[in-house]
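Asks: coordinates only, sequence not included:
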């Protein structure tokens, strides 16, 4: 003769508790996605998550140069007379953001809106002296950089390729 150790109600309760616990465990293992930055040229649009992001806190100085030098995974083709549109999530705009071109800060004051347009020609200025390892004048790495005061808190990279 076999005797049931748990009643039907107790087994269902244990099953529900186990399922809820497993669900919470799975959710806690997920990373919160970073905000997105987007570049649009004509009808072509690409977006990316941050190459480096510290959820609103400053990126450590020891990691900063490596973050700025990471190669862009997303590429957009740009003609000199195209308009390049940059868009960021509102939480990036609230803190402020600026553009870096080929690792160099391109503007002094952070921009605090979610959207801006810049002429394509601004990214392909001929350089008198090419630095070793710098991209050719036919391409530019543009980084959207979230700032908090003087600290950098997030970096998103895009590669712009010049078309004829």
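Replies: Nice, thanks for sending it over. This one's a predicted model, so the numbers in the text were calculated from it and none came from an experiment.

Asks: where along this protein do the helices fall?
Replies: 8-29, 61-69, 90-95 (DSSP state H).

Asks: just give the number of residues close to residue 110.
Replies: Counted with other Cβ atoms under 10 Å, the burial measure for residue 110 works out to 15 neighbours. Using the backbone N, CA and C atoms, a C-beta is placed for each residue, glycine as well.

Asks: so for it, what's the nearest residue that isn't a sequence neighbour?
Replies: Using Cβ to Cβ, 6 or more residues apart in numbering and skipping residues adjacent in sequence, the residue nearest residue 110 is residue 96, 3.0 Å away.

Asks: also residue 70?
Replies: residue 51 (4.6 Å).

Asks: and if you look at residue 108?
Replies: In space, not counting the residues next to it along the chain, residue 108 is nearest to residue 98; the distance is 8.0 Å by Cβ to Cβ, 6+ apart.

Asks: do residue 56 as well
Replies: Closest residue in space to residue 56, ignoring its immediate chain neighbours: residue 153 at 5.7 Å, by Cβ to Cβ, 6+ apart.

Asks: what do you get for residue 154?
Replies: Counting by Cβ to Cβ, 6+ apart, residue 154 lies nearest to residue 146, which is 3.7 Å off, once chain neighbours are set aside.

Asks: so the residue nearest to residue 108 touches residue 147, yeah?
Replies: Yes - with contact defined as Cβ atoms under 8 Å, residue 98 reaches residue 147; the gap is 6.1 Å.

Asks: if I look at those two, which residues touch both of them?
Replies: Taking Cβ atoms under 8 Å, 6 or more residues apart in numbering as the criterion, residue 98 and residue 147 both touch residue 110.
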